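In: next input, structure requested:
(chains A and B)
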Amino acid sequence: MSQFTSRRRMLFGTAAVGAGVVLAGCTSNEPSDEPAANDQPAASDDKPGKEVTIGYAGPQADHGWLNAVNVQAKNRAAKYEDVTFEVTEGSNDTATQIGQIETLINKKVDVLVVLPADGKALTQVGLKAMRAGIPVVNLDRVFNSPQAYRSYVGGDNYGMGLNAGHYIGEKLKDKENARVVELAGLDNLELTRQRTQGFDDALKNYPNIQKVARQAADFTVESGQAKMAQLLQAQSSFDALWNHDDDQGVGALRAIEQAGRDDFLMVGGAGALAAMQAIEADDGVLKATVLYPPTMAASAIDVARALGQGKGISGLAEFEVPSSLTLYSAVVDKENVGQYMSTGFK
Amino acid sequence: MTQPVSPPRGSTGGTGGTGEEVPKASGKSGPRVAFARADVRTLSLLGVLAALVLIGGITAPDAFLDTRNLQLVLTQASVIGVVTVGMTFVIVSGGIDLSVGAIVALASVWATTVATQEFGFAGILFTAVAVGVGCGLVNGVLVAYGGMVPFIATLAMLASARGLALQITDGSTQVVTVSSVLDLGERDAYVLGIPPLVLVFAVVTVIGWLVLNRTTFGRRTVAVGGNAEAARLAGIDVRRQRLYLYVLSGLCCGIAAFLLIVLSGSGQNTNGNLYELDAIAAAIIGGTLLTGGRGTIVGSVLGVLIFTTITNIFALNNLQTDVQQIAKGAIIVAAVLVQRRTASTT
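Out: Predicted coordinates for the structure are as follows:
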């Protein structure tokens, strides 16, 4: 009996190990093309200058856009011979991120670039760095106090909604009683409210358009599919859809396909590569996406380098780096998608 | 003694025999009273579901009372439903599995890497199931033979599996290109109007019910949950039983991951977010004791359907996230109170 058991166990063990080996071969995601490096001209000049050490603390890259942000920062820093890049392991935990930034302060980096998991919660550590004489470039999620950063670089959530609303408004302006649906992102975030506010404000310019439904997903494909399926069931006909986020848009498009609907135009958000490819192919409902450019991280590195070298930004009259840079949320559609394709993220 | 699953078949004869073979588990009450309570409990769940259907029918008559909506609700329930069946077994045995959401995430991303997708339908299905079973095996060994508390062992698995899933995807969304997998989620694949995902859910439910109520394995599970020491003295290999149960839960997670891949057409490391809480909540609402020794598959499935129907009604009425969350909490409390009251007055 015991012999039988042991043989069975051995067989099972062998099978398990075998399966493990087969599976291990499957974790590879090759071929993965590296996200295209951003070849736009640098904000300050490209000529090598004073050596600068830039410390970078970003969030955990658990989402396509956030990953793209980290990659953009790294690639941009690698472009400059005079920049030494000190990067911390990304974290979404406020306490962890505070610890990481304090470590960078202790290492006496020349400039800090911080994309906080939560802007308000990290204000204190931003102040601490500034007091220690390290200029802070606050990326995207803004600190509570302007004293906590030297320069802010970020996207425009309100503008994103505004531009999405105007794009849809222009497309539907000749249509009577047009109906519009909104698939929002995570409602717990302030940025989602700003996007919705911008969208609503833009639609007010078009009295023929009415927003008939809004549901919030949570930036995941799964939630995008689930919420979109319900919206399609709730609204048997509508003319346009704005989806805040291209990642959840993968799920939303899946739900639209499963429901067999193609009677409306869809506008996405953020600017994922898959969305841009779909816009270029023009074979589905997705006609445009409103950017929330991850290239802002590359710009933040440029700003940090300029700060470290005591330069202004070329093209501007001032000798100093501006205290705030809010980026424009361009609408990418079939007309201009070629220009933006290289900034699309996976 | 503690086999309260009788409806909908209601055959008390089969379950009545179990009392002789296993040690008395949790019973202060005699078998008949237990059966009556179980009946009432399930009936009260059906009552809650009927009330929800009524509310849905009144508030959104066109969209709610529609074949497509029934298909939609059942499809959305399938993924979490399969997870909940596995979870019910674990909870009945006195354990808990906090890692289900993370296992679904890991299995779904492992099964959708470029390398796995080269093996087509079979590769994706095999990988999803194998990863689920593998994780369950690790959980089971840690709990049964490593002497770890289930809460801690599966919490550790939660963290590691999510981490590994993140490492595999790098935060990006892995879109499935294997058409045979995608086709399974399309309307054309429906069998007599029933989506294939719902069929899988139904099969898993029936098998789960049979195993828990009609097999030695099921009786042993209840016995271990009721009183592990008594079960051991009665000659049950408690440790091996526990091992099997975590493997079973992992298997269900693997199947659920495959369903999620079909549904969303992709794999993402944020998949299965908070499934552990949803599955535990559905099982508890369904009448499964968190302390083990008692539980019903039918109740758990009804619990899942109640949650999914609530979400559906909210979305169809365009209620926003804040209202949804407040109402969901209130409905959980109400459902449990109604159930407890009806059960105790019998």
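In: dead centre of the chain: give me the residue that sits there.
Out: As the question left the chain open, I've gone with chain A. residue A:65 (3.1 Å; CA atoms, centre = their mean).
In: that's the wrong chain, I wanted chain B
Out: With distances taken as CA atoms, centre = their mean, the residue of chain B nearest its centroid is residue B:84 (0.8 Å).
In: list the contacts of the nearest residue to residue B:98 once chain neighbours are set aside.
Out: Closest residue to residue B:98 in three dimensions, ignoring its sequence neighbours and counting by CB to CB, 6 or more residues apart in numbering or on different chains: residue B:154, at 4.3 Å. No exception for glycine: its C-beta is placed from N, CA and C like everyone else's. Residues counted as contacts of residue B:154 (CB atoms under 8 Å, 6 or more residues apart in numbering or on different chains) are B:96-99, B:139, B:143, B:246.
In: tabulate these (CSV), appending neighbour count, secondary structure and distance to residue B:53.
Out: Below are the contacts of residue B:154 laid out as CSV (neighbours: other CB atoms under 10 Å in any protein chain shown; DSSP: H, G, I helix; E, B strand; the rest coil; distance: CB to CB, whole Å):
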residue, neighbour count, secondary structure, distance to residue B:53
B:96, 22, coil, 31
B:97, 34, coil, 31
B:98, 23, coil, 32
B:99, 32, coil, 34
B:139, 33, helix, 37
B:143, 25, helix, 39
B:246, 31, helix, 36
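In: so which of those comes closest to residue A:338?
Out: Closest approach to residue A:338 among the contacts of residue B:154 (CB to CB): residue B:99, at 44.8 Å.
In: quick one: the residue nearest to the centre of chain B and residue B:303 touch, right?
Out: Yes - with contact defined as CB atoms under 8 Å, residue B:84 reaches residue B:303; the gap is 7.2 Å.
In: strands along the stretch 101-250 of chain A, start to end?
Out: A:111-114, A:136-139, A:151-154, A:178-184, A:209-216, A:240-243 (DSSP state E, counting those that start in this stretch).
In: got those as JSON lines, with distance to residue A:250, mean neighbour count and mean pLDDT columns?
Out: JSON lines is the format used below for the strands of the stretch 101-250 of chain A (distance: least, CB to CB, whole Å; neighbours: other CB atoms under 10 Å in any protein chain shown; pLDDT from 0 to 100):
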{"stretch": "strand A:111-114", "distance to residue A:250": "29", "mean neighbour count": "28", "mean pLDDT": "96"}
{"stretch": "strand A:136-139", "distance to residue A:250": "26", "mean neighbour count": "28", "mean pLDDT": "95"}
{"stretch": "strand A:151-154", "distance to residue A:250": "25", "mean neighbour count": "23", "mean pLDDT": "94"}
{"stretch": "strand A:178-184", "distance to residue A:250": "12", "mean neighbour count": "24", "mean pLDDT": "97"}
{"stretch": "strand A:209-216", "distance to residue A:250": "17", "mean neighbour count": "20", "mean pLDDT": "96"}
{"stretch": "strand A:240-243", "distance to residue A:250": "10", "mean neighbour count": "28", "mean pLDDT": "97"}
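In: chain B: which of those is closest?
Out: strand A:209-216 (4.7 Å; CB to the nearest CB).
In: quick one, the closest one and strand A:178-184 angle?
Out: 20 degrees (axes from the mean of the first three to the mean of the last three CA atoms, to 10 degrees).
In: listing partners with orientation, what would you give for strand A:209-216?
Out: Strand pairing for strand A:209-216, using DSSP bridges, gives strand A:178-184 (parallel).
In: ok, residues contacting the strand it pairs with?
Out: With CB under 8 Å, 6+ apart as the criterion, strand A:178-184 contacts A:168, A:172, A:192, A:195-196, A:199, A:203, A:206, A:208-217, A:224, A:227-228, A:231, A:235, A:237-244, A:248, A:252, A:264.
In: and the residue lying closest to residue A:191 once chain neighbours are set aside, what does it touch?
Out: Nearest residue to residue A:191, sequence neighbours excluded (CB to CB, 6+ apart): residue A:157, at 4.4 Å. By CB under 8 Å, 6+ apart, the contact set of residue A:157 is A:191, A:194-195, A:198, A:292.
In: kindly reformat the residues you listed as a markdown table containing neighbour count and distance to residue B:112.
Out: Below are the contacts of residue A:157 laid out as a markdown table (neighbours: other CB atoms under 10 Å in any protein chain shown; distance: CB to CB, whole Å):
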| residue | neighbour count | distance to residue B:112 |
| --- | --- | --- |
| A:191 | 18 | 28 |
| A:194 | 17 | 33 |
| A:195 | 30 | 29 |
| A:198 | 23 | 34 |
| A:292 | 24 | 25 |
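In: CSV please, covering these and showing pLDDT and distance to residue B:252.
Out: Shown next, in CSV, are the contacts of residue A:157 (pLDDT from 0 to 100; distance: CB to CB, whole Å):
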residue, pLDDT, distance to residue B:252
A:191, 88, 36
A:194, 94, 40
A:195, 96, 37
A:198, 97, 43
A:292, 93, 38
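In: which of the residues you listed fall in helices?
Out: A:191, A:194-195, A:198 (DSSP state H).
In: make a markdown table out of those residues and add distance to residue A:338.
Out: Output for those, formatted as a markdown table (distance: CB to CB, whole Å):
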| residue | distance to residue A:338 |
| --- | --- |
| A:191 | 28 |
| A:194 | 29 |
| A:195 | 26 |
| A:198 | 27 |
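In: return the member of those residues nearest to residue B:103.
Out: Taking CB to CB as the measure, residue B:103 lies nearest residue A:191 of those, at 30.8 Å.
In: contacts for stretch B:332-342?
Out: B:40-41, B:43-45, B:47-48, B:281, B:284-285, B:287, B:306.
In: now that we have those, which of them are buried?
Out: B:40-41, B:44-45, B:48, B:281, B:284-285, B:287, B:306 (16 or more other CB atoms under 10 Å in any protein chain shown).
In: which ones among those residues also lie next to chain A?
Out: Among the buried ones among the contacts of stretch B:332-342, not one lies near chain A by CB under 8 Å from any CB of the partner chain.
In: among these, which two are most distant?
Out: Applying CB to CB across the buried ones among the contacts of stretch B:332-342, the maximum distance is between B:40 and B:281, 20.7 Å.
In: need the longest helix for chain B.
Out: helix B:31-59.
In: next SSE after it?
Out: The helix or strand immediately downstream of helix B:31-59 is helix B:61-64, counting by DSSP states H and E.
In: next, the buried residues of whichever helix or strand comes after that following helix.
Out: Counting by DSSP H and E, the next helix or strand C-terminal to helix B:61-64 is helix B:67-92. Of all the residues in helix B:67-92, those buried under the rule 16+ other CB under 10 Å are B:69, B:71-92.
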